[in-house]
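J.: Next input, structure requested:
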Amino acid sequence: MTEKKLAIIATKGTLDWAYPPFILASTASALGYETEIFFTFYGLQLLKKDLNLQVSSLGNPGMPMPMPVPVILQALPGMQSMMTMMMKQKMKSKGVASVEELRELCVEAEVRLVACQMTVDLFEFDTKDFIDGIEYGGAATFFEFAGQSDICMYI
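T.: Presented below is the predicted three-dimensional model:
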């Protein structure tokens, strides 16, 4: 029997969008899938050594809030930091692993982490700022794997 494959494209760089690719990839790997995450555009933030991920409630009407906050108030200075703090506290109180822990779990599970070279060049990122053990490649690198995958997800 051939090994199943999961390909994920991670395009978002916020705290709330950091969880899905790492949770899905680590779970798939534990289930025996060969797994790759291709990080492009803002998703590259998830590969930085020092994560400073924020939550934005703007444009995210599904975000559960302890009390309703009108959109106009969400745009006020300091609201993003407050929302981030609330989300981190909620996750900690529920025993949810941190993004760093989930990312490390993926590394240990040999999930292939590929940074989009075009995006690295476009935003003039310094590769020293990224974690060790990642690969760099373009869309063709991703398609080579994704074309053979059983499941392909865009997050």
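J.: use CA for all of it now, contacts and neighbours both
T.: Will do.
J.: After whichever strand or helix holds residue 88, which helix or strand is next?
T.: Using DSSP states H and E, residue 88 falls within helix 79-93. Per DSSP H and E, the first helix or strand lying C-terminal to helix 79-93 is helix 99-108.
J.: can you give me the strands in this structure?
T.: Along the chain, counting by DSSP state E, strands occupy 5-10, 34-39, 112-116, 135-137, 151-154.
J.: ok, back up a step: could you list the buried residues of the helix holding residue 88?
T.: Neighbour-count burial for helix 79-93, counted by 16 or more other CA atoms under 10 Å, picks out 79, 80, 83, 84, 87, 88.
J.: Tell me the spacing between the first one and residue 102.
T.: By that I understand residue 79. 26 Å (CA to CA, to the nearest Å).
J.: How about the last one?
T.: As judged by CA to CA, residue 88 and residue 102 stand 14 Å apart.
J.: Ok, the third one next?
T.: Counting by CA to CA, the gap from residue 83 to residue 102 is 21 Å.
J.: Next, the contact list for the residue sitting nearest the centre point of the chain, please.
T.: Most central in the chain under CA atoms, centre = their mean is residue 18, positioned 3.2 Å from the mean C-alpha point. For residue 18, the contact set (CA atoms under 8 Å, 6 or more residues apart in numbering) comprises 12, 43, 46, 99.
J.: Let me know the closest of those to residue 124.
T.: Closest approach to residue 124 among those (CA to CA): residue 43, at 14.7 Å.
J.: ok, that closest one - contacts?
T.: 10, 11, 12, 13, 18 are the contacts of residue 43 under CA under 8 Å, 6+ apart.
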